[in-house]
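Student: Predicted model follows, preceded by the sequence.
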Amino acid sequence: MDLPTWLSLTAIVLLVISLSAYLSWLGRRRLQLLANRPVMASAHGVTLARTLLSLAGLPELPIASTSWRQADRYEFAGRRLVFSTETCWQPSVAGLAIVAHEIGHAEQHLTHYLPQRLHRSLASLSYACLALAPILSIMALIVGQLHLFAVTLTLVAPGFLAYLLLLVIENDASRRGMRLLRLSHQVTSDDCQQAQSFLDAAMLTYLIWPLLMAGRLFYFALISIGDAPAMRRAEPARG
């Protein structure tokens, strides 16, 4: 592949990385601005979670508290909710949004939401493939074998699919949670609007990985296409 083509590819990859970094920064900045805003709702996170579970028609799941910040999650194996101390006991925009979002994940799991099941099945495989992809790409550059680039593309593709599924899952969890939050009548319309803005900002931080995966796929695909004629000419004649 000639130098101008390599420079073009590098520019495209740098553009994708820059866009991903900007979206991540923008999302985190908006999260920081919204996180500690006071809310009119007086119900703390544990009470709100139990209300939303009841509205969703879900069983009363165990709710655990942890001193770790940003450790809020729904645990699939234990079928329980884990919230930080702040989320549990300090009403805030972040607390409302996080509780609603994690209840959305619980509803997905307990109603056998297909994209979530696919992602859980694909996640381990995709992480292993992504770990091998850089090694194979370096080998392909060293030995000049076209088929290694094709294998690299195959390895990166599951990771791209896994991150796309993650976007779908996270967006759906937020949608489910916000629907329940509005139905609960425990928060004002302004509280709901701010919680929705918080979740929208969080979605921006998830965009970085699909964009990076798309950039890698595009990069390897163009290398394979661009190097194909030269590699075929370099193959020894047969027969």
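Tutor: Everything's here; your move. Numbering: from 1, shown residues only.

Student: So for stretch 139-150, mean pLDDT?
Tutor: Across stretch 139-150, the average pLDDT comes to 65.

Student: what's the answer for stretch 92-109, then?
Tutor: 94.

Student: Now do it: distance to the chain's middle.
Tutor: Relative to its parent chain, stretch 92-109 has a centroid offset of 15 Å by C-alpha atoms, centre = their mean, to the nearest Å.

Student: Please tell me how far the regular element (helix or strand) spanning Thr154 is from the chain's geometric centre.
Tutor: For Thr154, the element it lies in under DSSP states H and E is helix 146-184. Centroid separation for helix 146-184 versus its chain: 6 Å, with C-alpha atoms, centre = their mean.

Student: Equivalent analysis for stretch 200-213, please.
Tutor: With C-alpha atoms, centre = their mean, you get 6 Å for stretch 200-213.

Student: what's next to that stretch, contact-wise?
Tutor: 16-17, 19-21, 23-24, 26-28, 30-31, 34, 97, 101, 156, 159-160, 163-164, 166-167, 170-171, 174 (C-beta atoms under 8 Å, 6 or more residues apart in numbering). Where C-beta positions appear, they are placed from N, C-alpha and C, glycine not excepted.

Student: show me where pLDDT drops low in this protein?
Tutor: In the predicted model, the chain carries pLDDT under 70 at residues 1-6, 9, 41-42, 134, 137-138, 140-142, 144-150, 153, 216-217, 219-239.

Student: Show me which residues of the helix holding Thr154 are buried.
Tutor: By neighbour count with 16 or more other C-beta atoms under 10 Å, helix 146-184 contains the buried residues 146, 148-153, 155-166, 169-170, 172-174, 176-182, 184.

Student: Show me which residues of the helix or strand hosting Leu14 are buried.
Tutor: Taking DSSP H and E as the definition, Leu14 sits inside helix 3-35. Residues of helix 3-35 classed as buried by neighbour count (16+ other C-beta under 10 Å): Leu9, Val16, Ser20, Leu23, Ser24, Gly27, Arg30, Leu31, Leu34, Ala35.
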